[in-house]
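J.: need a 3D model of the sequence below.
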Amino acid sequence: MNKKRNYGEFIIGLVLLVGVILLGRAKLDGDMLVFRLTIGIALGYVFARAYTGFAGSVNRAYNTGSTKLMRAMVLMFLVTAIGVAGILVFNGDAVEYRLNVNPITLGLLVGGIMFGFGMSLSSCCASGIMSDLANETPKALITMFFFGMGVVLGMPFDGKEWVNESWIKVGERNGVFFPDLFSGNGYLGGLLITALLTLIFVVVAYMYESSRKRKGTLGVVASEAKAENERHIEVPEDQEELKGYIFDKLFVNSWSVYTGGLIIAVLFLVIFGATQGGWGASGPFGNWFAKIVMLFGVKAETLANYAGKDVEFFTGSIFANGIGVQNMGIFVGALVYLLTSGQLVETTKNFFNYPKFQWLLFALGGVTMGFGTRLSKGYNAGALYTPIAQMSLSGWIFLLALIVGGILGNSFQKKIFEKASE
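T.: Residues are numbered from 1 along each chain as shown. Next comes the predicted model:
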């Protein structure tokens, strides 16, 4: 093996992890905010170490033909749905849970397409932005700024009927909650529908990947190949090399997308159990963008009048918003992995390896994603993962719209690159 390891970065990573948690306990107002910070750190670590994310699932399928991450994501949805159903069965009468049974509207479709389009241009989503701040900082900062702009620009649409009034309703809900289709508590029936949709999606993904393989257009995803190669490294007999092997297994080697998906599912269930709600991320970006423009003289009252929100949304501390603190934790978690695995210095060398015109694509991707979240009532966590995990039809419809948008965005980006190379 004889692999050189950066133990200095490892120590810095551990100090950062402990320091941020202690600082959070000292400065954040309440245990729930500390919990949000800790969960965010865990999510960011998983995103970075498993090289996983919602955006990558669509982009990898389009660009390489690999559907491994996409299949891992939908299986993660199913595992989470089983856990959510279990929590509802055992605690549903004692605890009131906020379920993301989102309305099925034109806003859901348009917002999903817009988000998928922008996601392909920026190669990240809302949570992915925070993770990418650690390893692709310039791209992430541009995308984050324009994402926040898109969120604020789209806020007036929050109250529109075509965004809020579902075309399909079951019972008293403004949408479709699968268990409502069955008598009794219906959770088993809801899970069976979710499992069936998962199976259909996995089969179609396999068929698509097989078609690409037959055509000779199936490519290799570097991160997936890296994780597979590391999994097959033999245990060395030399004691010194064995120490390095164990260190790599514990702190360095990539996790498979399936391992990452399983851990994210567990973290989601912890969030659901602790907060009685789902996982969101997009809203705080609008607050952060507003803080920036207010530095240049824009009044909070002006923003509030435009957005149709209370002034407090724009004037409140960014450290008082639980979802915002969780987002910050995602950045810390990704940074901790890069440091403890000794990859940060090497990663920073690639910060600016983009053609100049691609910075404009990052900006377009950010504003399109941000605006889309206001129409679809969330992004990949709030409009996709959480609704599917909570057995809502809206999440599956958002997934289809997201894929359509991803295809359009990747096709658009491909043409831009072809024009630039002429």
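
J.: quick one: the residue lying farthest from the centre of the chain from residue 231, how far?
T.: If you look at how far each residue of the chain sits from its centre, by CA atoms, centre = their mean, the farthest one is residue 238, at 41.0 Å. Note on residue 238: its distance to residue 231, by CB to CB, to the nearest Å, is 21 Å. For every residue, glycine as well, the C-beta is placed using N, CA and C.

J.: ok, back up a step: any idea how far the residue farthest from the centre of the chain lies from residue 244?
T.: Taken as CB to CB, the span from residue 238 to residue 244 is 9 Å.

J.: which residues of this protein score low on pLDDT?
T.: Judged by pLDDT under 70, the chain has its weakly predicted residues at 1-4, 93-94, 350.

J.: name the residue closest to the centre of it, please.
T.: Note: the chain centre (CA atoms, centre = their mean) maps to residue 127, 4.2 Å.

J.: grab the nearest non-local neighbour of it.
T.: If you skip the residues right next to it in sequence, residue 127 has residue 281 as its closest partner in space, 5.1 Å away by CB to CB, 6 or more residues apart in numbering.

J.: ditto for residue 374
T.: Using CB to CB, 6+ apart, the closest residue to residue 374 is residue 154 (3.0 Å).

J.: run a quick neighbour tally on that neighbour.
T.: The local packing of residue 154 (other CB atoms under 10 Å) involves 24 other residues.

J.: thought it was touching residue 372?
T.: Yes. Counting by CB atoms under 8 Å, residue 372 is a contact partner of residue 154 at 7.5 Å.

J.: next one: stretch 200-212 to chain centre, how far?
T.: A distance of 23 Å separates the centroid of the chain from that of stretch 200-212, by CA atoms, centre = their mean, to the nearest Å.

J.: and that stretch, which residues are buried?
T.: Neighbour counts over stretch 200-212 (16 or more other CB atoms under 10 Å) mark 201, 202, 205, 209, 212 as buried.

J.: any idea how far whatever helix or strand the residue nearest to the centre of the chain lives in is from the chain center?
T.: Residue 127 belongs to helix 126-135 when elements are defined using DSSP states H and E. Chain-centre distance of helix 126-135: 9 Å, with CA atoms, centre = their mean.

J.: then stretch 165-173?
T.: 27 Å.

J.: what do you get for stretch 295-306?
T.: 29 Å.

J.: ok, now stretch 242-250?
T.: 30 Å.

J.: buried residues in it?
T.: Those would be 244, 245, 247, 248, for stretch 242-250 by 16+ other CB under 10 Å.

J.: do you know how far the last one is from residue 234?
T.: Pointing back at residue 248 there. The value you get for residue 248 to residue 234, if CB to CB is used, is 13 Å.

J.: cool, and the second one?
T.: Computed as CB to CB, the residue 245 to residue 234 distance reads 9 Å.

J.: hey, where'd the strands end up in the chain?
T.: Along the chain, counting by DSSP state E, no stretch forms strands.

J.: number of residues surrounding residue 128?
T.: 27.

J.: so what's the residue count around the closest residue to it other than its chain neighbours?
T.: Using CB to CB, 6+ apart and skipping the chain neighbours, the partner closest in space to residue 128 is residue 53 (4.6 Å). Neighbourhood size, residue 53 [other CB under 10 Å]: 25.

J.: mind listing what residue 53 touches?
T.: By CB atoms under 8 Å, 6 or more residues apart in numbering, residue 53 lies in contact with 47, 124, 125, 127, 128, 131.

J.: and those as CSV, adding distance to residue 381?
T.: CSV is the format used below for the contacts of residue 53 (distance: CB to CB, whole Å):
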residue, distance to residue 381
47, 12
124, 13
125, 8
127, 6
128, 10
131, 13
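
J.: surely residue 82 touches residue 188?
T.: No. Between residue 82 and residue 188 there is no contact under CB under 8 Å: 10.5 Å.

J.: higher neighbour count, those two?
T.: Higher neighbour count among residue 82 and residue 188: residue 82, with 17 against 12, using other CB under 10 Å.

J.: the spatially closest residue to residue 359 that is not a sequence neighbour: what's it in contact with?
T.: When the adjacent residues along the chain are set aside, residue 359 lies closest to residue 142, with 6.1 Å between them (CB to CB, 6+ apart). By CB under 8 Å, 6+ apart, the contact list for residue 142 reads 359, 362, 363, 366.

J.: and what of residue 130?
T.: 40, 44, 140, 281, 327, 328, 330, 331, 334.

J.: is residue 87 in contact with residue 275, as I believe?
T.: No. Using CB under 8 Å, residue 87 is not in contact with residue 275, being 11.9 Å away.

J.: residues near residue 57, how many?
T.: 27.

J.: how many neighbours does the residue lying closest to it once chain neighbours are set aside have?
T.: Using CB to CB, 6+ apart and skipping residues adjacent in sequence, the residue nearest residue 57 is residue 70, 4.0 Å away. The number of residues packed near residue 70 is 25, by other CB under 10 Å.

J.: contacts for stretch 372-380 next, please.
T.: With CB under 8 Å, 6+ apart, stretch 372-380 has contacts from 54-55, 100, 102-103, 107-108, 110-115, 117-119, 125-127, 150-151, 154-155, 157-158, 163, 280-282, 369, 382-384, 386, 398, 401-402, 405.

J.: mind giving me the PyMOL select for these, buried ones only?
T.: To isolate the buried subset of those in PyMOL, counting by 16+ other CB under 10 Å, use the following:
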select buried, resi 54+55+100+102+103+107+108+110+111+112+113+114+115+117+118+119+125+126+127+150+151+154+155+157+163+280+281+282+369+382+383+384+386+398+401+402+405
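
J.: from the contacts of stretch 372-380, which land in helices?
T.: 54-55, 107-108, 110-115, 117-119, 126-127, 150-151, 154, 163, 369, 386, 398, 401-402, 405 (DSSP state H).
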